[in-house]
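Asks: return atomic coordinates for the entry below.
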Amino acid sequence: MTQRWTDDEFADLNLGDGRLNKRARTLMDTFAAKPASSIPEACDSWSETCAAYRFLSNPDVKWEGILEPHWARTRERMGEHAVVLCIQDTTELDFNGQEIAGLGPLSYEAQRGMYLHPTYAVTPDREPLGMLDAWMWAREKRGDDGVRPGLKESRRWVEGYERIAEQAIELPGTRLVYLADREADMVEMMRVARDLGTPADWLVRAKHDRCLADNEGTRLWAATTNGPPLGEISFTMGGREKQKAREVRQQLWAQRVLIGDGKKGQIEATCIVAREVDAPAGVKPVEWRLLTNRPATTLEQATELIDWYRARWEIEVYFNVLKNGCEVEKLQLAAVERIERALALFMVVAWRVAYLMRKGRNCPDLDAALFFDPDEIRGAHLLNKMKMPATPPTLNEVVRLIAKIGGFLARNSDGEPGVKTIWKGLDQVHASAETLRALRDG
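Replies: Below is the predicted model:
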């Protein structure tokens, strides 16, 4: 099966052998068609299954090589936008109970698995553009002294900024923003950004209530809120596990500060505090404390930074698709190197699902034929027991049809579908498209 988006996304794939390139594209199509299926279930035959396992076990295939063309296409898409948020985060992949060589401990030493740390590029409107890079690793066990050998894991946050800074130089017409949660609140990262001349902006959620470098004894958060707020903002916080969607109203403070750089120097930054007022009874108020290199002297500037931080949730959506939609933690492969190659393929599939969801919301009137082939569009209509329309359907119309197949009810009060119903529906739509092709071919 050939799909237009995979042909475009992997047009420049070069694994050093034409046969390997062809197999990688075939596997991408296979996994994209049936993201929640096991490898034997996704493949059409036993010979295809064997070929898939041979590819994933080939030591000459590097997972970075599989992702390189996607990274290049992501950079191309970034160049079309004025601002791009480069979100970094880490997720655990739990393979506990599976016999996979090379795994290591997770948060609990008894658990076995590995870690994934991608850089996910999205627009301020939350449209996923793709991944820029990724780290994959398995931890070593702690020694008798309680110290874990190997590379210092926190270094990935600093290296992440350095790579984004390199991209910023190559994309002078696009403002890149390094965006991360509390684990990235490190003076080492801020110092590196300063020393490089801050080619990319940075915005992180503050974890440490530091003493100010120019006002000994004064703490960061108290200094920021010592005065009237810039104003108020309100927004709808989406529903999450055990938490319904609700309206949030916050007061904003912003203060330019000097903090120590860990080497007897100083870093100039802006601290922003967003504090919820009038939270419902029994609900913990939402409060965010952010640090950034960017100035924020007005409510408009501070609001923009808050909106950018709120877009950080898109990487959580991405991890949800990867782990629950593609079910990568159920991969049964013999070694962690084979897991890495499979992950490289599934990471692009997960981006594609999230991309369709956001594109269907942000650009609903685009022609669906730009994103789906004719058999997929027809299959979506057939599975919904609908005739093909006289005029070409829009992207939003087809995405909603796919989501309905996956369980989306499409009631007036339901809004737009989420990634879960889309990935469930895609599985059946691709199967329907395969059937239509087989019938047409004889």
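Asks: immediately after the longest helix along the chain, which helix or strand?
Replies: Ranked by residue count and defined by DSSP state H, the top helix of the chain is helix 336-362. As assigned by DSSP states H and E, the chain's next helix or strand after helix 336-362 is helix 374-383.
Asks: what packs against the helix or strand following that following helix?
Replies: Sequence order places helix 395-405 as the next helix or strand after helix 374-383, per DSSP H and E. Helices and strands touching helix 395-405, by 3 or more C-beta pairs under 8 Å, 6 or more residues apart in numbering; DSSP states H and E, are helix 336-362, helix 374-383, helix 419-440. C-betas here are computed from N, CA, C, even on glycine.
Asks: please identify the most buried of those helices.
Replies: helix 336-362 (a mean of 23; mean count of other C-beta atoms under 10 Å).
Asks: what angle do that one and helix 419-440 make?
Replies: For helix 336-362 against helix 419-440, the angle by axes from the mean of the first three to the mean of the last three C-alpha atoms, to 10 degrees is 100 degrees.
Asks: how far is helix 336-362 from where the chain is centred?
Replies: With C-alpha atoms, centre = their mean, to the nearest Å as the basis, helix 336-362 stands 9 Å off its chain's centre.
Asks: by contact count, what packs against it?
Replies: Counting contacts by 3+ C-beta pairs under 8 Å, 6+ apart, helix 336-362 is packed against helix 18-33, helix 46-56, helix 63-78, strand 112-122, strand 128-137, helix 313-320, helix 395-405, helix 419-440.
Asks: neighbouring contacts of the last one?
Replies: Same thing as helix 419-440. For helix 419-440, contacts defined as C-beta atoms under 8 Å, 6 or more residues apart in numbering pick out 1, 32-37, 317, 320-321, 324-326, 353-354, 356-357, 373, 375-376, 378-380, 382-383, 399, 401-408.
Asks: so where's the protein shaky on pLDDT?
Replies: Counting by pLDDT under 70, the chain shows low-confidence ranges at 1-4, 240-242.
Asks: what sits against residue 405?
Replies: Contact analysis of residue 405 by C-beta under 8 Å, 6+ apart lists 380, 383-384, 424-425, 428-429.
Asks: what's the spacing between it and residue 41?
Replies: To residue 41, residue 405 is 18 Å away according to C-beta to C-beta, to the nearest Å.
Asks: residue 352 too?
Replies: Applying C-beta to C-beta, the value for residue 352 to residue 41 is 19 Å.
Asks: one more: residue 271?
Replies: Taken as C-beta to C-beta, the span from residue 271 to residue 41 is 51 Å.
Asks: just give the nearest non-adjacent residue to residue 191, would you?
Replies: Excluding its sequence neighbours, the residue lying closest to residue 191 (C-beta to C-beta, 6 or more residues apart in numbering) is residue 261, at 4.6 Å.
Asks: what's the end-to-end length of stretch 388-408?
Replies: Taking C-alpha to C-alpha, to the nearest Å as the measure, stretch 388-408 stretches 20 Å from start to finish.
Asks: nearest residue to residue 354 in space, please, no chain neighbours.
Replies: Spatial nearest neighbour of residue 354, chain neighbours left out: residue 128 (4.8 Å); criterion: C-beta to C-beta, 6+ apart.
Asks: residue contacts, that neighbour?
Replies: Applying C-beta under 8 Å, 6+ apart, the residues contacting residue 128 are 120-122, 314, 318, 351, 354-355, 358.
Asks: for it, name its beta-bridge partners.
Replies: residue 122 (DSSP bridges).
Asks: start the count at 615 instead of 1 going forward.
Replies: All set: I'll call the first residue 615, so the last point we hit is now residue 742.
Asks: the closest residue to residue 686 other than its chain neighbours: neighbouring residues, count only.
Replies: Excluding its sequence neighbours, the residue lying closest to residue 686 (C-beta to C-beta, 6+ apart) is residue 626, at 6.3 Å. Neighbourhood size, residue 626 [other C-beta atoms under 10 Å]: 11.
Asks: kindly confirm my reading that residue 626 is in a strand.
Replies: No - counting by DSSP: H, G, I helix; E, B strand; the rest coil, residue 626 is not part of a strand but coil.
Asks: that one is in contact with residue 683, isn't it?
Replies: Yes - applying C-beta atoms under 8 Å as the test, residue 626 and residue 683 come out as touching, 4.6 Å apart.
Asks: list the contacts for the closest residue to residue 739 other than its chain neighbours?
Replies: Spatially, and ignoring its direct neighbours in sequence, residue 739 is nearest to residue 976 (5.6 Å; C-beta to C-beta, 6+ apart). Residues near residue 976 by C-beta under 8 Å, 6+ apart: 739-741.
Asks: same question, residue 632
Replies: If you count contacts by C-beta under 8 Å, 6+ apart, residue 632 has none.
Asks: just residue 919 next, same as before
Replies: 817, 886, 904, 906, 908, 910.
Asks: from residue 975, how far off is the residue nearest to residue 968?
Replies: Distance of residue 742 to residue 975, given as C-beta to C-beta: 12 Å.
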